[in-house]
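>>> Kindly generate the corresponding structure for this input.
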Amino acid sequence: MEIKVLGTGCTKCNELEKATREAVAALGINANIEKEEDIMKIMEYGVMRTPALVVDGKVIVSGKAPSEKEIKKLLAK
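The predicted model follows:
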């Protein structure tokens, strides 16, 4: 699984990255997690508000930082 956390480094972006890493570890998912801070690359995903979470090339959350519990539900689908 390829996961990208899109954000420019704001507090919410950092919270999303931390919660995502914790959710992946708790679920025991084999995933590559990357943080993308380049605004031009973020815009390539059509994201206008960060933070955003991309799983296997698909934006699943944008404009908010879901909790670890919410991320677990999204990743388990």
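
>>> where does the residue most central in space within the chain fall, phi/psi-wise?
Closest to where the C-alpha atoms of the chain average out (CA atoms, centre = their mean) is residue 53, at 2.7 Å. Dihedral angles of residue 53 (phi, psi; degrees, to the nearest 10) stand at phi -120, psi 130.

>>> Quickly note the distance from it to residue 15.
Distance, residue 53 to residue 15, using CB to CB, to the nearest Å: 12 Å. Glycine gets a C-beta too; all of them are placed from N, C-alpha and C.

>>> Residues that sit against both of the two, list them.
Shared contacts of residue 53 and residue 15 (CB atoms under 8 Å, 6 or more residues apart in numbering): none.

>>> thinking residue 2 is in contact with residue 31, fair?
Yes: at 7.2 Å, residue 2 counts as touching residue 31 under the criterion of CB atoms under 8 Å.

>>> Looking at these two, which is more packed in?
Remark: of residue 2 and residue 31, residue 31 carries more neighbours, 17 against 11, as counted by other CB atoms under 10 Å.

>>> Pull the contacting residues for that one.
1, 2, 3, 24.

>>> Pretty sure residue 55 is one of the things the first one touches, is it not?
Which is residue 1. Yes: at 6.6 Å, residue 1 counts as touching residue 55 under the criterion of CB under 8 Å.

>>> list the residues that contact both of those two?
By CB under 8 Å, 6+ apart, the residues touching both residue 1 and residue 55 are residue 75.

>>> okay, the two: which has more neighbours?
Using other CB under 10 Å, the more surrounded residue of residue 1 and residue 55 is residue 55, with 18 against 11.

>>> Which parts of the chain are helices?
11-27, 39-44, 68-76 (DSSP state H).

>>> now for the ones you listed, which one comes closest to residue 60?
helix 68-76 (5.5 Å; CB to CB).

>>> now the angle from that closest one to helix 11-27?
60 degrees (axes from the mean of the first three to the mean of the last three CA atoms, to 10 degrees).

>>> Could you list every helix and strand in contact with helix 68-76?
Other elements packing on helix 68-76 under the criterion 3 or more CB pairs under 8 Å, 6 or more residues apart in numbering; DSSP states H and E are helix 11-27, strand 52-55.
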